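Engineer: The following comprises the amino acid sequence and a computationally predicted model.
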2 protein chains.
Amino acid sequence: MNGAESLVKTLLGSGVDVCFANPGTSEMHFVAALDRVPGMRCVLGLQENIVTGAADGYWRMAEKPACTLLHCGPGLANGLAGLHDARRARSGIVNVVGDQAVYHRPFDAPLTADTEGWARGASAWVRTSSRSEDVGADAAVAVQAARTSPGQVATLILPSDSSWNEGGVVAAALPVPAVPQADPHAIRQAARLLREKRNVLLLLGGLALREGAQQQAQRIAAATGAKLLAEGSNARIQRGRGRLPLERVPYVNELAVKALEPYEHIILVNAKEPIGFFGYPGKPSRFWREGCELHALTRLEQDAETALRALAEELGAPAAAMPDPGPRPEAPRGSLSPEGLARAVAALMPDGAVVVDESVTYGRGFFSESHAAPPHDWLQNCGGAIGYGPPVAVGAAIGAGGRRIIALQADGSAMYTLQALWTQARERLPVTTVILSNRKYQILIGEYQNVGANPGRTAMDMLDLGNPDIGWVQLANSLGVEAAQAANLETLGDLMAQSFSRPGPFLIELLI
Amino acid sequence: MNGAESLVKTLLGSGVDVCFANPGTSEMHFVAALDRVPGMRCVLGLQENIVTGAADGYWRMAEKPACTLLHCGPGLANGLAGLHDARRARSGIVNVVGDQAVYHRPFDAPLTADTEGWARGASAWVRTSSRSEDVGADAAVAVQAARTSPGQVATLILPSDSSWNEGGVVAAALPVPAVPQADPHAIRQAARLLREKRNVLLLLGGLALREGAQQQAQRIAAATGAKLLAEGSNARIQRGRGRLPLERVPYVNELAVKALEPYEHIILVNAKEPIGFFGYPGKPSRFWREGCELHALTRLEQDAETALRALAEELGAPAAAMPDPGPRPEAPRGSLSPEGLARAVAALMPDGAVVVDESVTYGRGFFSESHAAPPHDWLQNCGGAIGYGPPVAVGAAIGAGGRRIIALQADGSAMYTLQALWTQARERLPVTTVILSNRKYQILIGEYQNVGANPGRTAMDMLDLGNPDIGWVQLANSLGVEAAQAANLETLGDLMAQSFSRPGPFLIELLI
């Protein structure tokens, strides 16, 4: 058995059975092994951020890692932005990067690069398997690293001779490491705080945003009057009827400061301290007010639901019903607006939909319109690397096993990773993409104005996406995805409803 | 004056007046400075490899650096493949990467990443300007580093507070470092070799492939019987009538070994030792035969033309006419073939055209058909990172000041960087792209067969680009580029000729 075959068999034995791939010459023996050993679903991405972003989306929904297949240092480099977002979303990925044969590396052939160095900036675990005998064992450790709470990017670099040489040994699956539990002292301290103080916020992130944890958080809030809020960007929030009507820390600096102004104590539950995406002259990096104290109930890798339940017990909090979000919105009519789009999504989405949100400026108020929608999941961009949406939609569709994906997608961001549409077509994935076509980098025009002026001609050469306008319907068609335009809420609703009733992808260009 | 303004003024004063940009929030003060200070041509790319690849193509034709503008670590990551190819092509680039404010960095905000670490793998020079007072001086050094022979990627990281803080100081342009000259001993030794030995090859790379150096090489070859060959991949070869009818070291291992088999001595002139792109089981990494001796006339950074002239003088070689390549080919007719395409290009290209070649498998024999074309430049992918063609075409068009660019472009490779078409349309660049649409990764199917089998279904899921077919005409149109299909050489010729007579870009989908 060669190293490549030991890799495929070890991955399959460790529960990894989806491979997002963009292979090259140095990966041909791995491709051949995937061909010989049945059981791996191989999904081609035409650029590497499609591959890594898909693996991110897959983890978020499937709650287990996929593997990738990338080609040498530059192929890895092309996927680093997707890995960066995955790292920030705490997604587990077994990131396999083929590379030059060990003995060929000293010749510094054209594609030779610092593959390990580039991998480190986006990975919690990096290893190069330099001998075919080690590939199986290294792969088993990679899967274990990827599944280590809360989820990690584990990069396994596979020189081509480790792949083709005989001597491969299949390794048994290693145990998934137990999720660490909260410190009992942290639970007692949080309980004391909640008993003694007013103006306490529980800031929820990560797995604290799943339904079970939300129920415990609601017990605590109902018993103590503490408020609940989600982080600004979240890998996956379970939302809609039966879940908490959570808002999130606003993106805009002033709004975030205002939202946190009431609180004297913030208890972090799988959440990081609330800080700004960027620094701005004269504005605070920290969003909490002077004198507010931060406490951690659970660190990012600790078990939020168990800790919240223990805290609720410690407080003697009775079971509490989820708030009634009121009636489901009706499908709206008339001209387009952010609220109208959010209401249309809430009104029309099928049960169990998954919203992949890269709506940027247009989508900042979407949450408040969709608390009364059917139960659904909402995925956001946690790393800020642009173009996360289309690839995450690919992976989420595969990871969610047939549930409808609704991708709310800014046009400028979509252009970074538009190749994902082709994979959606090829795999006939149930993805409805709504392109928010404003034909500019609206967020940057806003930021420019914050600098103190309106952009002039040179600046607009870098901020405006018109000239030429991008034809999203044609573009989607050219990549095998059916598409249509909508200029009002009726057409939007009709097109969404149609797309939900058919298999495969569809794209709606929303002329906002 | 803030740091950003000192940066723009220093760049302009140092001769850098083109900026390929994909800005973000942390770069807004730089964008504002570009708006206020006139003189910089700003060209937007919708993904970062468009930006870095364009800067590569610009250097190759303009022979001076452009600057880039990228957004934080992930934006840099998205442009690393382009920088990798530029590094291998020995292109000078002032790579400006905006980043988090220095004081905001410890908060580990979403876009925070190891920007310096990622930059190092593709840069000869990296510096972070942490104070606005230093930005101007650092920028001047960056330009000098970029212009250091043979051309280098110099990455200047610009935290946003260095950009917005007052205290900026414009720095004067630093001298361009002199090009190092060859060691006189190396010239004498090469002369002795050429006098005493038969079976000597001069392997030409880098600036040894410009017209003036070729004339000197021809003197030497005519006087000594030495043979001349170009490296396998070359940043820019001057070709056509009045230039040498050079062939290049073949890509395919066996063919390369065969091509170098006759030689007992190889003299490297701005060239690296001839080795394989990849290692293969049982095949040599080195292409030269056992016992063949390698000698360096000039290292990569040394002045090839002067050294070749000195060598010719040392040999007492008289002036020698360039070989007559015979008559220019007629426009071919009939069904498509690689030779037919190469002949059509040779027959129809305008004087001074620039061929950007990412033709991969289809283009391996293009050279032999186009020696009798009018004088032109031919650019190749030196780093092997895929998708180099469309962005390099953008930059070459701007750097070559109106000359027609003919981009011979494999379809699979084009999909990595198709956003470049939009920039071609926006800037109305004279680029004729010929998409070689075979709807598969043909190179990989060949490599798979070398492994010893035909690809099965799982492998073809990763190697076939059909299902769905990509509609290149629609795709180009959607990005503002006119386009048409050609299924035979007559149509190809008609479309090429039409495109050459009009300003702006055009795309021909060649159904091969």
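Structural biologist: Good, I have the coordinates. Numbering: from 1, shown residues only, chains lettered A, B, ... in the order given.
Engineer: And the residue of the stretch 151-300 of chain A that's closest to chain B?
Structural biologist: Closest residue of the stretch 151-300 of chain A to chain B, CB to the nearest CB: A:Gly279 (3.3 Å). For glycine as for every other residue, the C-beta is placed from the backbone atoms N, C-alpha and C.
Engineer: Ramachandran coordinates for that residue?
Structural biologist: Dihedral pair for A:Gly279: phi -80, psi 150, per degrees, to the nearest 10.
Engineer: So it sits against B:His104, correct?
Structural biologist: Yes. Between A:Gly279 and B:His104 there is a contact under CB atoms under 8 Å: 3.3 Å.
Engineer: mind listing the strands for the stretch 51-200 of chain A?
Structural biologist: With DSSP state E, counting those that start in this stretch as the criterion, the stretch 51-200 of chain A has strands at A:67-71, A:93-99, A:125-128, A:153-159, A:200-204.
Engineer: And A:Gly279 and B:His104? Which one has more around it.
Structural biologist: Between A:Gly279 and B:His104, counted using other CB atoms under 10 Å in any protein chain shown, the more crowded position is A:Gly279 (25 against 22).
Engineer: Could you tell me which residues make contact with the residue of the stretch 151-300 of chain A closest to chain B?
Structural biologist: For A:Gly279, the contact set (CB atoms under 8 Å, 6 or more residues apart in numbering or on different chains) comprises A:285, B:100-101, B:103-104, B:160-161.
Engineer: Report the buried members of those residues.
Structural biologist: If you count burial by 16 or more other CB atoms under 10 Å in any protein chain shown, the buried members of those come out as A:285, B:100-101, B:104, B:160-161.
Engineer: Output the strands of the stretch 51-200 of chain A as CSV; include the columns mean pLDDT and mean neighbour count.
Structural biologist: Converted to CSV, these look like this (pLDDT from 0 to 100; neighbours: other CB atoms under 10 Å in any protein chain shown):
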stretch, mean pLDDT, mean neighbour count
strand A:67-71, 98, 29
strand A:93-99, 98, 28
strand A:125-128, 98, 20
strand A:153-159, 98, 27
strand A:200-204, 98, 26
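Engineer: Just send those strands back as a markdown table, with distance to B:Leu510 too.
Structural biologist: A markdown table is the format used below for the strands of the stretch 51-200 of chain A (distance: least, CB to CB, whole Å):
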| stretch | distance to B:Leu510 |
| --- | --- |
| strand A:67-71 | 25 |
| strand A:93-99 | 30 |
| strand A:125-128 | 40 |
| strand A:153-159 | 35 |
| strand A:200-204 | 55 |
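Engineer: right, and those strands - which one's nearest B:Gly326?
Structural biologist: strand A:67-71 (40.6 Å; CB to CB).
Engineer: Could you count how many residues lie near the residue nearest to A:Ala33 when sequence neighbours are not counted?
Structural biologist: Leaving aside its sequence neighbours, A:Ala33 sits nearest to A:Ala4 (CB to CB, 6 or more residues apart in numbering or on different chains; 3.8 Å). Using other CB under 10 Å, A:Ala4 has 29 neighbouring residues.
Engineer: A:Leu308 is in contact with A:Val269, correct?
Structural biologist: Yes. Contact criterion CB under 8 Å: A:Val269 and A:Leu308 qualify, at 6.6 Å.
Engineer: so what's A:Pro175 up against?
Structural biologist: A:Gln144.
Engineer: right, I mislabeled it, should have said A:Ala172
Structural biologist: A:13, A:140.
Engineer: How about A:Gly117?
Structural biologist: So A:Gly117 contacts B:117, B:120-121 (CB under 8 Å, 6+ apart).
Engineer: Make a markdown table out of those residues and add pLDDT.
Structural biologist: As requested, the contacts of A:Gly117 are exported to a markdown table (pLDDT from 0 to 100):
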| residue | pLDDT |
| --- | --- |
| B:Gly117 | 97 |
| B:Arg120 | 98 |
| B:Gly121 | 96 |
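Engineer: ok, so of the residues you listed, who is nearest chain A?
Structural biologist: Nearest to chain A among the contacts of A:Gly117: B:Gly121, at 3.9 Å, using CB to the nearest CB.
Engineer: Could you double-check that the closest one sits in contact with A:Thr112?
Structural biologist: No. Counting by CB under 8 Å, B:Gly121 stays clear of A:Thr112, with 10.6 Å between them.
Engineer: Now the common contact residues for these two.
Structural biologist: A:Gly73.
Engineer: List the contacts of A:Ala113.
Structural biologist: By CB under 8 Å, 6+ apart, the contact list for A:Ala113 reads A:72-74, A:77, B:84, B:121-122.
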